[in-house]
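Student: return atomic coordinates for the entry below.
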Amino acid sequence: MRPFRWILIVAAGLVALLLVGVLAITRWVDPDVFRPRIVAALSEATGRPVELQPGLELGWYPWLALRAGAGEIGNPPGIDGEPLLRWRELRVGARLLPLLLRGELQLDRLRLVGARLALQRTAEGRDNWSDLADGASGEAALSLQLAGVELEDAELRFTDAGDGTRLTVDALRLEIGPWQSGQPEPVNIEAGFGLSLGSAARLDDVQLTTRLTLPPGDALQLTLGSTTLAARVRAVGLAAEGVPFTLTLPAATLDLDAIAGRAGQLDLQVGEARLALQGLRYDQPEGSPPAVEFGFALAPTSLRRLLATLGIEPPATTDPRVLESFAGEGRLALHDGVLQIEPFSLQLDDTRLGGTIRHGGESSLTEFTLAGDAIDADRYLPPDSAPGEPFRFPGEALAALRARGTLTFERARLDALQIEGLVLRLRLDAQGLRGDTAP
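Tutor: As a prediction, the model looks like this:
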């Protein structure tokens, strides 16, 4: 046993010497001495120019921790503008013994304060992020464990000089749970932020929770567990205080390599209205337009209250009880740029409608063919039954709707007349909904 005892003594002495050395470095050596080496290592790993302001701090227990102030990672040559990433404060730690003894890189929570991520795509199609890891060197693979990621007061901006797209995520707060390479269990993610889509629309008070599973290796195939997204949308023509909505997704798979997605169900709630999408499929093969398919079902709801939630004044009607019961279901398919809704059924108060809706192809109009059982149109007229301005859709997007089609009823009541086999040709555009005399 004596040789074994001496081995233990020597090993303990080496560990103690290592800890004393780490303590000496972190207590009596200016951490800024290592700043040029850290900057050089980050530059080599990212293939980007890196800057770190003076004022590094090192801690050693229970983690060998690095705290840094402001810094940035720049853009690749040929792309100007603000740097890819900059921050006000950074903190990350690592356990020494697992790295030295087993080659395991165990990191503490990575914390970034005031991070600004600026993603750019030039008019020629070059971007400043896709080749971020091209500068990495070395063949050694480490088993990585990360205690979590925390972003505070972060911002993300995406600009595409080719098509003019501008997207901004601001006031971002992000928390990602523990993760390690090859981990089969999902990672918990919580985030809050605001989202601006150019100047046309904005999402406020966004709250996102999800469970994300990353596959081993380099495959970009993701699995989403229970996911909830709640936000308030603001846009021209909608309610001034915004329209609250909630998206709920029990599970989904995303293949970013093949640009495809699958989800069994997606639920959308706007006010009291609830819309369920079933069997959602999305595919976009390289060089092809996207293909989308799903079934949908709108649970019975009050159309008046839904319009009020959207900030749209419902039209005045002779019978105040109409526009209350509203429901629908059908199936939507988008292939080769042509959108088809078929079968399609709708219930408005006591009237049932069914038919098809089609958009795309050679026609620039949305075309519809709908057939109903019976309707009492007198109930939907203005209270004085006098002609007036047609009901107009507010907002630029809604006002730009252009549709034409045929609406038929087995029985209809109009201006006290009973009509059998009523056929209406209708047109919808910025002037409102009216009769269409075009063949």
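Student: now for residue 360: which residues touch it?
Tutor: Contact analysis of residue 360 by Cβ atoms under 8 Å, 6 or more residues apart in numbering lists 337, 338, 339. Using the backbone N, CA and C atoms, a C-beta is placed for each residue, glycine as well.
Student: just give the number of residues close to the nearest residue to it once chain neighbours are set aside.
Tutor: Ranked by Cβ to Cβ, 6 or more residues apart in numbering and with sequence neighbours excluded, the top spatial neighbour of residue 360 is residue 338, at 4.0 Å. Residue 338: 14 surrounding residues under other Cβ atoms under 10 Å.
Student: now do the contacts for residue 338.
Tutor: Contacts of residue 338 (Cβ under 8 Å, 6+ apart): 358, 359, 360, 361.
Student: report the buried residues of stretch 267-274.
Tutor: 267, 268, 269, 270, 271, 273, 274 (16 or more other Cβ atoms under 10 Å).
Student: among the residues you listed, which one sits closest to residue 232?
Tutor: Checking those against residue 232 by Cβ to Cβ gives residue 270 as the nearest, at 10.8 Å.
Student: hmm, residue 306 and the closest one touching each other?
Tutor: Yes - between residue 270 and residue 306 there is a contact at 7.0 Å, judged by Cβ atoms under 8 Å.
Student: mind checking how far residue 279 is from residue 194?
Tutor: 32 Å (Cβ to Cβ, to the nearest Å).
Student: how about residue 206?
Tutor: 6 Å.
Student: report pLDDT for residue 123.
Tutor: pLDDT recorded at residue 123 is 87.
Student: give me the element it is part of.
Tutor: Assigned by DSSP states H and E, residue 123 belongs to no helix or strand.
Student: state the distance from the spatially closest residue to it that is not a sequence neighbour to residue 46.
Tutor: In space, residue 123 comes closest to residue 161 once its chain neighbours are excluded; the distance is 4.4 Å by Cβ to Cβ, 6+ apart. To residue 46, residue 161 is 23 Å away according to Cβ to Cβ.
Student: now residue 322
Tutor: 63 Å.
Student: have a look at residue 279 and residue 194 and say which one is more surrounded.
Tutor: With neighbours defined as other Cβ under 10 Å, residue 279 and residue 194 compare such that residue 194 has more, 18 against 13.
Student: these two touch, right, the more buried one and residue 201?
Tutor: No - the criterion here is Cβ under 8 Å, and residue 194 misses it with residue 201 at 11.6 Å.
Student: name the residues that touch stretch 404-420?
Tutor: By Cβ under 8 Å, 6+ apart, the surrounding residues in contact with stretch 404-420 are 351, 353, 357, 365-378, 385, 421-428, 436, 438.
Student: returning to that earlier point: save the contacts of residue 338 as JSON lines, and put in secondary structure and pLDDT too.
Tutor: Output for the contacts of residue 338, formatted as JSON lines (DSSP: H, G, I helix; E, B strand; the rest coil; pLDDT from 0 to 100):
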{"residue": "358", "secondary structure": "strand", "pLDDT": "91"}
{"residue": "359", "secondary structure": "strand", "pLDDT": "88"}
{"residue": "360", "secondary structure": "coil", "pLDDT": "83"}
{"residue": "361", "secondary structure": "coil", "pLDDT": "75"}
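Student: identify each buried residue in the helix or strand containing residue 190, please.
Tutor: Following DSSP H and E, one finds residue 190 within strand 187-197. Under the neighbour-count criterion of 16+ other Cβ under 10 Å, strand 187-197 has 187, 188, 189, 191, 192, 193, 194, 195, 196 buried.
Student: nice, that's everything, thank you.
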